[in-house]
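[1] quick one, structure for this:
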Amino acid sequence: MVYLNNAATTWPKPDCVLKALNDAAAGLPQGQFRGTGSSIDVFAELKKELAALFHTSDPARFVMTSGATDSLNYLIRGLGIPADEYCITATEHNSVLRPLYNIPGIAVDPGPVVVPCDRHGIVDPDLMEKSLRAGTKVILLNHCSNVTGAVQNAKAVGEIARRHGLIFLLDTSQSAGCLPVDIDGWGVDGLVFTGHKSLLGVQGTGGFYAGARLHLAPVRFGGTGRNSRQITYDFQDPADIEYETGTQNGPGAAALLAGVRWILEKSVEKIAGEEHAKMTALIDFLENLPGITVFGADAKNHGPVLSFRADRFSPSDLSYILQNSYGIVTRTGLHCAPLIHRFIGSDPGGTVRISVSPFTTEEDILSFEEAMREIMS
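    I've put the predicted structure just below:
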């Protein structure tokens, strides 16, 4: 099997991740803030490595969740800011759009500012700045599109947020682990990541970073293992609030820790360079194959994701043929990002999406190219 669906979940995982997962599941349970049989606090170690990966100085500001969707719900609902006070982009995922448009008890009209992207999926920071409303309080940016792979200029957007005194939230679901991310250097107030994609962990892991300027109300309540006598919180004091409630995913955290350490050892820059070379080869091939339209090919900065369509096949039919006749796994549809397709020209049917990882081989790419030549002929 040739697996080109890494933008959904990376596969295969490094051996160290599988070993960490197995050892944690077979060993004594990890308990965050509770007594454990281990001398290592996996959660504390994981947060230290995340701080190193994302270039920030305070590991305690990371909160572990079940993934990016959980984290975005936590940030958006925790801030409690109406949707019309947000500025977002046309590249956003439904894990941003649905929480924004469905905050209980908060009106959504007229909705957030939605900054359009060009046909490659790129958002112009100057256009974003001109689009801000007088009442805008938050900019929320998707760093790397899960449809086109286009990478936004997060540093420039962070500078815009600072000039206007706005909160800057960055969704790195598709970039964490495969592209450089700089929380402190870019002025990021809140950052969202998931563990099962390019961080090479397992499903059901992830989290967010909450900087000092964020004041979040908790959206979940329950046991934390610290001050069990405390039942009510002083919501005016962020240090008084417990954000990680309930039993945390110890085996998942151990696997994610191993994945992050694997990335740090190899270096994000080297991973980005290798994956860029793979994507360049795929883009060059598809652009020169008659009957194929590639979306986002001309984006200056490109992550390990691209989308395309074929003149003679629907995306779903083409993906079905690739998987069932050639053993090549791709993904089709709108990819949970409904707005971007109006701007890149892939409405209403969406695209076929292919995505690579550090473990995608040259043989994988050649197999895909051979299959596409045969199908299109």
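
[2] show me the protein divided up by domain.
    2-8+268-376, 15-266 (automatic domain parsing).

[3] redo these as JSON lines? Include mean pLDDT.
    Shown next, in JSON lines, are these (pLDDT from 0 to 100):
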{"stretch": "domain 2-8+268-376", "mean pLDDT": "96"}
{"stretch": "domain 15-266", "mean pLDDT": "92"}
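
[4] what's the local residue count around R226?
    R226 has 11 neighbouring residues, counting by other C-beta atoms under 10 Å. (Each C-beta comes from the backbone N, C-alpha and C, glycine too.)

[5] I'd say it and E242 touch.
    Yes: assessed by C-beta atoms under 8 Å, R226 is found in contact with E242 at 6.8 Å.

[6] ok, which stretches of the stretch 1-150 of the chain are strands?
    2-3, 62-65, 86-89, 113-115, 138-142 (DSSP state E, counting those that start in this stretch).

[7] how about CSV for those, with mean neighbour count and distance to Q323 added?
    Rendered in CSV, the data for the strands of the stretch 1-150 of the chain read as follows (neighbours: other C-beta atoms under 10 Å; distance: least, C-beta to C-beta, whole Å):
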stretch, mean neighbour count, distance to Q323
strand 2-3, 20, 9
strand 62-65, 22, 31
strand 86-89, 26, 31
strand 113-115, 19, 34
strand 138-142, 26, 27
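
[8] make a markdown table out of those and add distance to K270.
    Shown next, in a markdown table, are these (distance: least, C-beta to C-beta, whole Å):
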| stretch | distance to K270 |
| --- | --- |
| strand 2-3 | 21 |
| strand 62-65 | 24 |
| strand 86-89 | 29 |
| strand 113-115 | 32 |
| strand 138-142 | 24 |
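
[9] nearest to G250, out of the ones you listed?
    G250 lies closest, by C-beta to C-beta, to one member of the strands of the stretch 1-150 of the chain: strand 62-65, at 10.3 Å.

[10] packing partners for that closest one?
    Contact here means 3 or more C-beta pairs under 8 Å, 6 or more residues apart in numbering; DSSP states H and E; on that basis strand 62-65 packs against helix 42-54, helix 68-79, strand 206-210.

[11] can we see that at 10 Å?
    helix 42-54, helix 68-79, strand 190-194, strand 206-210, helix 250-266 (3 or more C-beta pairs under 10 Å, 6 or more residues apart in numbering; DSSP states H and E).

[12] can you tell me which of these is packed in deepest?
    For the helices and strands packed on strand 62-65, the largest average neighbour count (mean count of other C-beta atoms under 10 Å) is found in strand 190-194, namely a mean of 29.

[13] show me the helices in this structure, by range?
    Secondary structure of the chain by DSSP state H: the helices cover 15-26, 42-54, 68-79, 94-101, 125-131, 154-163, 183-186, 250-266, 268-287, 315-326, 340-344, 362-376.

[14] how much space separates the residue nearest to the spatial centre of the chain from T9?
    In the chain, the residue lying closest to the centroid (C-alpha atoms, centre = their mean) is S173, at 0.5 Å. Going from S173 to T9 by C-beta to C-beta, to the nearest Å gives 12 Å.

[15] mind listing the shared neighbours of these two?
    Residues touching both S173 and T9 (C-beta atoms under 10 Å, 6 or more residues apart in numbering) are T194, H196, K197.

[16] redo these as CSV? Include distance to D70.
    Listed next are the shared contacts of S173 and T9 as CSV, based on distance: C-beta to C-beta, whole Å:
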residue, distance to D70
T194, 9
H196, 12
K197, 14
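
[17] still on that earlier bit, which one of the strands of the stretch 1-150 of the chain lies nearest to F168?
    strand 138-142 (5.3 Å).

[18] what residues are up against P110?
    A83, D84, R133.

[19] most neighbours among the residues you listed, which one?
    A83 (22 neighbours).

[20] can you pull the contacts of that one?
    By C-beta under 10 Å, 6+ apart, the contact list for A83 reads 76, 97, 99-103, 106-113, 138.

[21] need the phi and psi values for the spatially closest residue to T148 that is not a sequence neighbour.
    Nearest residue to T148 in three dimensions, chain neighbours excluded: G296, at 2.7 Å (C-beta to C-beta, 6 or more residues apart in numbering). Backbone torsions of G296, given as degrees, to the nearest 10, read phi 90, psi 10.
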